[in-house]
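Novice: Need coordinates for the following:
(one chain, ligands or ions: 1)
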Amino acid sequence: MKLQGFDTNAAPFVDIQDFTLDLHWILAGLLFLSVIGPMLYFTWKYRADKVKDEEISDVTHNTPLEIAWTVIPTAILMVFFYYGYEGMKQVRSIPPESKSFVVKVIGSKWKWEYEYPPNKAGFVHKIGGGYIEPVVDKNGKVIKEGSLGVSALYVPENTNIILKMTAPLNDVIHSYYVPAFRMKEDVVPGRTTKQWFNAKRGTYDVECAEYCGKAHSFMYSRIVVLPKEEFEKWFESKAYTPKGEIKADGAYLFKQKGCVFCHGNDGKGKKGYGQDLTVRMSKAQVLHVIEHGQHQLKYPLGPMPAGTAKGADAEAIAEWIASGAKGTPPQAFATACAGCHGADAKGNGGMAPNLTAFDETLVKHVMEHGKSGIIGNMPYFFTTDKENAAIAKYLQSL
Ligand SMILES: [Cu+2]
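Specialist: Numbering: from 1, shown residues only. Now for the predicted structure:
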């Protein structure tokens, strides 16, 4: 009996790792018996009423025995070392990139995303996202596919696949674990780590194996290994995946991209994780931006300078934005902010953020760059323009 995913032999280094593990069981069992067996025997044989103190007073040592119990375990450890080293060499000897297919893997709270090299037409496939549970009837039959039915890493069979893995700078450490391939490697913010495999046709589970916060246990993905022709046909197309599209429906995307983990199912935000998206920004957030300036969304106007308004003026402006930016902005807004954000605070035709609503341009900038502030950190996301539009529409409906 093996755990799920361990009963497949799908990558080149599976055999040696399984053999090494079995060898450990057997040799560790023998070592255990060689210590515990004699110990039990001697405690019985030399129990208190069978030995006189005089008989054991001059026992010193036994050289041949001591050499044996040093040399034999050392030899056994060298056997462990040999197979451990050979196994590690196979996992760590990453084939040359020129003879492999390289995919970028991004792990962030709490999802896996994949970015492919450009295809012949220059199109870059980006797949992945948060985990949506499938809907199952009482007999265990899937009635509605979850995100794992579609969103996965699709690769061709019998090909060296190199994964170049990283996490956004404002995220935490994850670990890309594929039990069926016996491979696992940390995914570290700001660093690139690599793994490789060469697999047989099939579908294999991927899990995050580094505790990374609240929804860690839902940080699933899949690797789907396809026949070469089927993979090529999809790769040269613009289709989202070989298995179909993810609906460009804001409410669905909000779940599928994993927004709900931080912003909640109702978009109201979870304390310490995400902002309340039913309002544009809270008063405290606006005041913070006015006081410190901001440079992370990369709008055409560049950085917003700190201290453009002060005291009661700043308060009045922040109050107005936080209460839904209805009616005419306060007088101070016209002098301190309108030059960049537009007289109506709608962002001056995309030059600076719209302060009245989550419009498509804002969603695009937030998705591309992520957002950090007094509430917390949000990683960047891969989204298409179509998806940004759908998300903006959904956010405005909240
Ligand atoms: Cu994780």
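Novice: what sits against the spatially closest residue to residue 303 that is not a sequence neighbour?
Specialist: Leaving aside its sequence neighbours, residue 303 sits nearest to residue 295 (C-beta to C-beta, 6 or more residues apart in numbering; 3.7 Å). Glycine gets a C-beta too; all of them are placed from N, C-alpha and C. For residue 295, the contacting residues are 302-304, taking C-beta atoms under 8 Å, 6 or more residues apart in numbering as the criterion.
Novice: Out of those, list just those in strands.
Specialist: If you go by DSSP state E, these have nothing in strands.
Novice: And the buried ones among these, selectable in ChimeraX?
Specialist: Selecting just the buried residues from these in ChimeraX takes one command, with 16 or more other C-beta atoms under 10 Å as the test:
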select :304
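Novice: out of the contacts of residue 295, which one sits closest to the ion?
Specialist: Closest approach between these and the ion, by C-beta to the ion: residue 303, at 31.9 Å.
Novice: residues touching the closest one, list them.
Specialist: If you count contacts by C-beta under 8 Å, 6+ apart, then residue 303 has 293-295 around it.
Novice: Now do the helices in the chain.
Specialist: In order along the chain, the chain carries the following helices (DSSP state H): 14-45, 53-56, 63-92, 228-235, 250-256, 260-263, 283-292, 311-322, 331-336, 338-341, 360-369, 385-397.
Novice: out of the ones you listed, which comes closest to residue 145?
Specialist: Residue 145 lies closest to helix 250-256 among the helices of the chain, at 11.4 Å (C-beta to C-beta).
Novice: any idea how far the residue nearest to residue 347 when sequence neighbours are not counted is from residue 89?
Specialist: Setting aside the residues directly before and after it, residue 347 is nearest to residue 354 in space (C-beta to C-beta, 6+ apart), at 3.6 Å. The span separating residue 354 from residue 89 equals 55 Å under the rule C-beta to C-beta, to the nearest Å.
Novice: So between the two, which is more surrounded?
Specialist: Counted by other C-beta atoms under 10 Å, residue 354 and residue 89 do not tie: residue 354 has more neighbours, with 22 against 11.
Novice: Could you check the pLDDT of the more buried one?
Specialist: Residue-level confidence at residue 354 comes out at 95, pLDDT.
Novice: For the contacts of residue 295, give me CSV that also has pLDDT and distance to residue 336.
Specialist: Converted to CSV, the contacts of residue 295 look like this (pLDDT from 0 to 100; distance: C-beta to C-beta, whole Å):
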residue, pLDDT, distance to residue 336
302, 92, 17
303, 94, 16
304, 95, 11
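Novice: what separates the residue most central in space within the chain from residue 114, distance-wise?
Specialist: With distances taken as C-alpha atoms, centre = their mean, the chain has residue 107 as the residue nearest its mean C-alpha position (2.7 Å). When C-beta to C-beta is applied, the distance between residue 107 and residue 114 equals 10 Å.
Novice: same thing with residue 86?
Specialist: The gap separating residue 86 from residue 114 is 30 Å, by C-beta to C-beta.
Novice: Comparing the two, which residue is more hemmed in?
Specialist: Comparing residue 86 with residue 114 by neighbour count (other C-beta under 10 Å), the higher total belongs to residue 114, at 21 against 14.
Novice: Dig out what that one forms beta bridges with.
Specialist: Beta-bridge pairing of residue 114, defined through DSSP bridges, involves residue 105, residue 127.
Novice: low-scoring stretches of this structure, by residue?
Specialist: Within the chain, the set of residues satisfying pLDDT under 70 comprises 1-5, 7, 246-248.
Novice: Show me how it divides into domains.
Specialist: Listed by automatic domain parsing, the domain ranges of the chain are 14-92, 97-246, 254-397.
Novice: To the ion, which of those lies closest?
Specialist: For these, distance to the ion was read as C-beta to the ion. The smallest value, 3.2 Å, belongs to domain 97-246.
Novice: just so I know, which of the domains of the chain lies nearest residue 8?
Specialist: Nearest to residue 8, of these and by C-beta to C-beta, is domain 97-246 at 4.2 Å.
Novice: and that closest one with the ion, contact?
Specialist: Yes - with C-beta under 5 Å from the ion as the threshold, domain 97-246 lies in contact with the ion, specifically through 174, 208, 212, 219.
Novice: Show only the entries of the residues you listed found in strands.
Specialist: Secondary structure assignment by DSSP E places 174, 208 of those in strands.
Novice: And the residues of domain 97-246 next to the ion, which of them are buried?
Specialist: The neighbour-count test (16+ other C-beta under 10 Å) applied to the residues of domain 97-246 next to the ion identifies 174, 208, 212, 219 as buried.
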